[in-house]
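Enquirer: no sequence for this one, just the structure:
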């Protein structure tokens, strides 16, 4: 492949990757792949890729103006197969729609009843937080940190997650789950609260629901986990940010 043509493809791939990542960031879908704290670094990467593409385009333009045909068109360029290293991930990202992890990932990854390590300072903040403002991760942190979970009995919960039916659960029970992402979707793990509701069988797997009710506890896979005795279960749209971040 002529060197100038190779450099043109290289510049287009750099620009394509920049546009792709920029579009995902603008639409909010970038957090389907990575933890939100890495968004600024990704934006920096988007700008850097765009500047690299502009540099290569400028180089091609200067070579044309100097009419350096012997150097650019007849010289040796790296093997064209090298371009696949950038083309393949770009094609995967464009052709496969972005969507959050669901029950199929939970089935393969398994359910985790242990929340990330909780410091004394962060647990104090959770105790001060109104019970209905806590999410699933907050409740799991409290149950993992506190030995006597009976102090939470009767507190009101109002949490959102997706429905998952597990064989280990009893009748009229389901898991209200969320995936927690530390770095990227590859390291995501599922947490959940057991919900007891008389009409649980009417729910569909993977449907998102807002559950309100009093919190108690139950044992799942040998661990004490929070249980909500649901007073209401309302089907809701998928949240703009379906993941939780520790």
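Expert: Arrived safely. In this text, all values refer to a predicted model and were calculated from it rather than measured experimentally.
Enquirer: can you pull out the strands in the chain?
Expert: Ranges of strands in the chain, per DSSP state E, are 156-164, 173-180, 189-196, 208-220, 223-235.
Enquirer: pLDDT at residue 73, what is it?
Expert: Residue 73 is assigned a predicted lDDT (pLDDT) of 49.
Enquirer: picking up where we left off before, out of the strands of the chain, the one nearest residue 46 is which?
Expert: strand 173-180 (25.0 Å; Cβ to Cβ). Where you see a C-beta, it was placed from the backbone N, CA and C, and this is true even at glycine.
Enquirer: Can you give the contact residues for that closest one?
Expert: The contact list for strand 173-180 (Cβ atoms under 8 Å, 6 or more residues apart in numbering) reads 100-101, 103, 105-106, 111, 116, 135-137, 159-166, 169, 188-197, 200, 203, 209, 211, 228, 242-246.
Enquirer: if you set the cut-off to 7 Å instead, what comes out?
Expert: Applying Cβ atoms under 7 Å, 6 or more residues apart in numbering, the contact partners of strand 173-180 are 101, 106, 111, 136-137, 159, 161-166, 169, 188-196, 200, 203, 209, 211, 243-244, 246.
Enquirer: Got a quick PyMOL command for the buried subset of those?
Expert: Here is the PyMOL command that selects the buried residues among the contacts of strand 173-180 (16 or more other Cβ atoms under 10 Å):
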select buried, resi 101+106+111+136+137+159+161+162+163+164+166+169+188+189+190+191+192+193+194+195+196+200+203+209+211+243+244
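Enquirer: For this structure, which element, helix or strand, carries the lowest mean pLDDT?
Expert: Within the chain, no helix or strand scores below helix 69-72, which has a mean of 51 by mean pLDDT, DSSP states H and E.
Enquirer: residues in contact with residue 93?
Expert: residue 20.
Enquirer: What is the burial count for residue 12?
Expert: 16 (other Cβ atoms under 10 Å).
Enquirer: dump the residue contacts of the nearest residue to it once chain neighbours are set aside.
Expert: Nearest residue to residue 12 in three dimensions, chain neighbours excluded: residue 53, at 7.6 Å (Cβ to Cβ, 6 or more residues apart in numbering). By Cβ under 7 Å, 6+ apart, residue 53 lies in contact with 11, 14-15, 18.
Enquirer: Output those as JSON lines; include the columns pLDDT and neighbour count.
Expert: Below are the contacts of residue 53 laid out as JSON lines (pLDDT from 0 to 100; neighbours: other Cβ atoms under 10 Å):
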{"residue": "11", "pLDDT": "88", "neighbour count": "19"}
{"residue": "14", "pLDDT": "89", "neighbour count": "21"}
{"residue": "15", "pLDDT": "91", "neighbour count": "17"}
{"residue": "18", "pLDDT": "91", "neighbour count": "20"}
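Enquirer: Brilliant, that's me finished.
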